[in-house]
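Visitor: Need a 3D model of the following:
(one chain, ligands or ions: 1)
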Amino acid sequence: MDLFDAIARRHSYRGEFTDQPVPREDLQKIVQAGIQAPSAKNEQVTSFVVVDEPELLAKVAEIVDRPVCRSAKAMIVCMTDPRPVFHDIAFPAEDCAAAVENMLLAITALGYASVWIDGVLRMGDIAERLGRLLGVPEGHMVRILLPIGVPVEPGVQQDRLPWDRRAWFNRYGG
Ligand SMILES: Cc1cc2nc3c(=O)[nH]c(=O)nc-3n(C[C@H](O)[C@H](O)[C@H](O)COP(=O)(O)O)c2cc1C
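Guide: The predicted structure follows:
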């Protein structure tokens, strides 16, 4: 799929997935797209746990109790190391977001669907419980989870404001 088609087709999918598995070959391609994202000082503080064992998927879905997690055939859990990389500045959220967007586009290009699950991980101790389940080292933060599968229902991207409400040449506001 052409890059601009993938950008246009990517959407947040929160429905059920079919029983079709997601082969490891595709999961590796998706995570490789995340690995190739830019990161501050190229310090690459984002790391990824790919979950595809059914028992472990079920345990993750017990912690992140959302319909889209319950039928996901695979999940990519993204962790960040929030250490400073440029003087005393850390960029864990930015680095992780760049990787996640690359992966969402790869997921779309390969015919799968997903959603950026973030806010729910920050509720209570959900991120910590996920970290313990997956053996994430102390000091690393679980930030974003991408459930992956073939969607039962095709979806579309939500509407965006028109170009001239959000972007201009040369001067803010045109
Ligand atoms: C930083 C960030 C956090 C998000 N967190 C969640 C989340 O916790 N749960 C969820 O269902 N969607 C989450 N989303 C997805 C957005 O709700 C979604 O991208 C937005 O509504 C636009 O819809 P679209 O992705 O279909 O274009 C998040 C997106 C971003 C960029």
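
Visitor: Residues of the chain that sit close to the ligand?
Guide: The chain has residues 11, 12, 14, 115, 116, 117, 118, 119, 120, 157, 158 near the ligand, with proximity defined as CB under 6 Å from any ligand atom. In short, each C-beta sits where N, CA and C put it, glycine included.

Visitor: what do you get if the cut-off is 5 Å, keeping everything else the same?
Guide: Within the chain, the positions lying close to the ligand (CB under 5 Å from any ligand atom) are 11, 12, 115, 116, 117, 118, 119, 120, 157, 158.

Visitor: Report pLDDT for residue 99.
Guide: Looking at residue 99, its pLDDT stands at 98.

Visitor: Find the helix or strand that it is a member of.
Guide: Using DSSP states H and E, residue 99 maps to helix 92-109.

Visitor: same thing with residue 49?
Guide: Judged by DSSP H and E, residue 49 forms part of strand 46-51.

Visitor: which residues are in contact with that strand?
Guide: 27, 31, 34-35, 37, 39, 57, 60, 74-81, 92, 95-96, 99, 134, 136, 140 (CB atoms under 8 Å, 6 or more residues apart in numbering).
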